[in-house]
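Engineer: All I have is the shape, not the residue letters:
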């Protein structure tokens, strides 16, 4: 039995944050009913057509779910939603500010009506404060939190190459729901869980925020190097290939100097005695390291770094990641069905001993509508009428 078997989740979701949270619940056994707009569905279905005509984002985020089309603004939708929530353990939504109240989904009323229900609200900036009424998407929040000011090079900033704010919020929502389920076991009551993109990504920014607040200057944009640890970044080897070197502490620095650079005297060099000094003097340090590694092939450098027990890695493309030998060696690939046919998918990163996560199909829009409505007690004639009225 999967850990979340028997848990039913209703997710009024779109884009990334809420679908990422609910997919992880589905991975470990929860029944996730994804509520989508009739005709169009989750707008992430149309982000691209890169996976045999399907959106790469939708394929990633929505396996193992059931798709129910429901027009939440239709007069007949309320009774359907009420029947769903009476049977549910968790409601997740990332509706726009003000929409929950207009749709009768305000957390206070839901909590009173369904005392065992856990309500997870994902928003841009949280339920209070001057930004609470603002819509927010990932790139907006990357800029508002200052993440964009940290990425890129000294010549200019850049956004993170992934949806960092959405993914952070999805992770905290997933974790928070597990905490709320545990709390319900102890108290018998559900409750309200609020997660915002701004708070989630802001948590990840705190080392940089502390630095800016207490040192008097913000962290410098450092391109592909670490902003506060040195040497920590990519170096070109003699064969034109690049290797990432990561020296984390003084013990590693001593081994790196003696066994990799063959310059043990650098350990006592006044410029490099501590990590702070190495960071301040990163340009001369980089020149020294680069000069040595340029005399070796990438394979030779990797062998020397391995002997010295220094962390290192390849500078890979996304295609290199897709073909990475670590996936195959550990049996991480699975096949999931979809409206476009079978597709490869990686197992979730939580490897729980004795548990084989669900890897069920990516649903077509409204694929499970009739079956779910029948479970809720609607007759075939009623379901046909709901379709005709545009309610589902």
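Structural biologist: Yes, it's here. Bear in mind the structure is a predicted one, so any value in this text is a computation, not a measurement.

Engineer: Please count neighbours and contacts with C-alpha atoms only from this point.
Structural biologist: Noted.

Engineer: For the stretch 101-250 of the chain, just list every one of the helices.
Structural biologist: Using DSSP state H, counting those that start in this stretch, the helices found in the stretch 101-250 of the chain span residues 107-113, 138-144, 147-150, 164-187, 197-204, 206-215, 250-255.

Engineer: between those helices, which one is nearest to residue 387?
Structural biologist: helix 107-113 (26.7 Å; Cα to Cα).

Engineer: ok now that closest one, how far from the chain's centre?
Structural biologist: 29 Å (Cα atoms, centre = their mean, to the nearest Å).

Engineer: How about stretch 23-38?
Structural biologist: 16 Å.

Engineer: Quick one: mean pLDDT over it.
Structural biologist: Stretch 23-38 shows a mean pLDDT of 97.

Engineer: cool, stretch 286-295 as well?
Structural biologist: Here the average pLDDT along stretch 286-295 is 96.

Engineer: hmm, who's touching that stretch?
Structural biologist: Stretch 286-295 has contacts (Cα atoms under 8 Å, 6 or more residues apart in numbering) with 231, 235, 236, 237, 238, 261, 301.

Engineer: Can you list the buried residues in it?
Structural biologist: 286, 289, 290, 292, 293, 294 (16 or more other Cα atoms under 10 Å).

Engineer: next one: stretch 355-362
Structural biologist: Quick answer for stretch 355-362 (16+ other Cα under 10 Å): 357, 358, 359, 360, 361, 362.

Engineer: Repeat that for stretch 57-71.
Structural biologist: For stretch 57-71, by 16+ other Cα under 10 Å, it's 57-59, 61-71.

Engineer: mind listing which of those residues are in helices?
Structural biologist: Applying DSSP state H to those, the entries found in helices are 57, 58, 59, 61.

Engineer: now the residues you listed as TSV including distance to residue 147 and pLDDT?
Structural biologist: Output for these, formatted as TSV (distance: Cα to Cα, whole Å; pLDDT from 0 to 100):
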residue	distance to residue 147	pLDDT
57	22	96
58	25	96
59	27	97
61	24	97
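
Engineer: nearest to residue 316, of the buried residues of stretch 57-71?
Structural biologist: For those, the nearest to residue 316 is residue 57 (21.3 Å; Cα to Cα).

Engineer: Excluding residues flanking it in the chain, which one is nearest that closest one?
Structural biologist: residue 44 (6.5 Å; Cα to Cα, 6 or more residues apart in numbering).

Engineer: So the one you found lies in a helix, does it not?
Structural biologist: Yes: under the criterion used here (DSSP: H, G, I helix; E, B strand; the rest coil), residue 44 sits inside a helix.

Engineer: what's the distance between it and residue 61?
Structural biologist: 9 Å (Cα to Cα, to the nearest Å).

Engineer: picking up where we left off before, quick one: closest of the helices of the stretch 101-250 of the chain to residue 333.
Structural biologist: helix 164-187 (21.4 Å).

Engineer: Just the residues contacting that closest one, thanks.
Structural biologist: Contacts for helix 164-187 (Cα under 8 Å, 6+ apart): 16-22, 24-25, 90, 116, 118, 120, 122, 137-139, 141-142, 189-191, 193-198, 200-201.
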